[in-house]
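**Student:** Predicted coordinates and the sequence they were generated for:
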Amino acid sequence: MADHGVRPLGRPQASKPDEEKQMHLLEHIGELRRRLIYVLAALFIGLVLGLLAAEPVYDYLMSVEPASRLTELHAFSLWDGIGMYMKIAFVIALLIVLPFAFYQLWAFVSPGLRARERRAALGYVPLAFVMLAVGLAFSYFVVFPLAFDFTTHVSRRLGLEETYGIAQYFSFMFNIIVPISLLFELPILVMFLTRIGILNPARLRKMRRYAYFGLIFVGVLVTPPDFISDMLVALPLILLYEFSVYMASSVHRRMQRREGRLKEDEN
């Protein structure tokens, strides 16, 4: 029977380029899902290791300032002790997972990078651990004592008897150190996103006023309500953002110079 060019009714057939795009998209989604599973597995392992290390970490935290000034901590609930262990385990897991998550992000985008860019971007993984450790040190040894001293000073001025619960003490501490420690990852994240072309210095400069507002808001949120403490936290965070812009500009200039040399070689 002769074919008169009449197609069967139903959904039109997808063209080959469309099918290839769909295949690539499904492959990317599958790869992203695999990387997320790796990160969740690392988080689980980190939590297990954190629970094993929670007791010696707790002993150390209670032996140094400001906890060493407290006569005793109380448990007001049967879950307070377990909650304290879980909070410590979470911070330990954070130290493990964040650099690993940066590596998984690098592994996900590296097929689209040149060999030299892959090597350069891989160097951000150890830097992520260093910046996280610096953020933990700054928040614990600088910001947390300021906030603790301020709150105890107010309690004594009001004639209140200081009776601290273990859950309240560690929640207060971790609510300060975790957000600030994560913000110290900002330069690494900005440099990485600049390297892969998602961010650029011009865009970061346009976002400056909004970034300042957000960082000052974080500084006010995690510190006592006095101007000096707010500025002692907000100013380093603003300097951290400016450092991120500077590092992004440096990465962007190197990329432009490299592209210029490649074009000259091609000509």
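**Tutor:** Received it, and whenever you're ready, just let me know what you need. Numbers count the residues shown, from 1 in each chain.
**Student:** right, and the helix or strand after the longest helix along the chain?
**Tutor:** The longest helix of the chain (DSSP state H) is helix 16-63. Remark: after helix 16-63, the chain's next helix or strand is helix 80-109, criterion DSSP states H and E.
**Student:** May I have the helix or strand hosting residue 151 as PDB, with CA atoms only?
**Tutor:** Element membership for residue 151 (DSSP H and E) is helix 144-157. Output in PDB follows, covering the C-alpha atoms of helix 144-157 (Å, rounded to 0.1, in the frame of the first residue of the first chain):
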ATOM      1  CA  PHE A 144      30.200  33.300  72.000                       C
ATOM      2  CA  PRO A 145      32.000  34.700  75.100                       C
ATOM      3  CA  LEU A 146      30.700  38.200  74.200                       C
ATOM      4  CA  ALA A 147      27.100  37.000  74.000                       C
ATOM      5  CA  PHE A 148      27.500  34.900  77.100                       C
ATOM      6  CA  ASP A 149      29.000  37.700  79.200                       C
ATOM      7  CA  PHE A 150      26.400  40.100  78.100                       C
ATOM      8  CA  THR A 151      23.400  37.800  79.000                       C
ATOM      9  CA  THR A 152      24.900  36.900  82.400                       C
ATOM     10  CA  HIS A 153      25.600  40.600  83.200                       C
ATOM     11  CA  VAL A 154      22.000  41.500  82.400                       C
ATOM     12  CA  SER A 155      20.700  38.600  84.600                       C
ATOM     13  CA  ARG A 156      22.900  39.800  87.600                       C
ATOM     14  CA  ARG A 157      21.800  43.400  87.200                       C
END
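**Student:** list the helices and strands it packs on?
**Tutor:** Contacts defined by 3 or more CB pairs under 8 Å, 6 or more residues apart in numbering; DSSP states H and E place helix 144-157 against helix 166-183, helix 227-266. Placement of C-beta: from N, CA and C, glycine included.
**Student:** and the angle from the first one to helix 227-266?
**Tutor:** Helix 166-183 and helix 227-266 meet at an angle of 30 degrees, taking axes from the mean of the first three to the mean of the last three CA atoms, to 10 degrees as the criterion.
**Student:** by how many degrees do the helix holding residue 151 and helix 166-183 diverge?
**Tutor:** Counting by the same axes, to 10 degrees, helix 144-157 lies at 140 degrees to helix 166-183.
**Student:** avg pLDDT for helix 144-157?
**Tutor:** Across helix 144-157, pLDDT averages out at 81.
**Student:** Distance from it to the middle of the chain?
**Tutor:** Helix 144-157 has its C-alpha centroid displaced from the chain centroid by 28 Å (CA atoms, centre = their mean, to the nearest Å).
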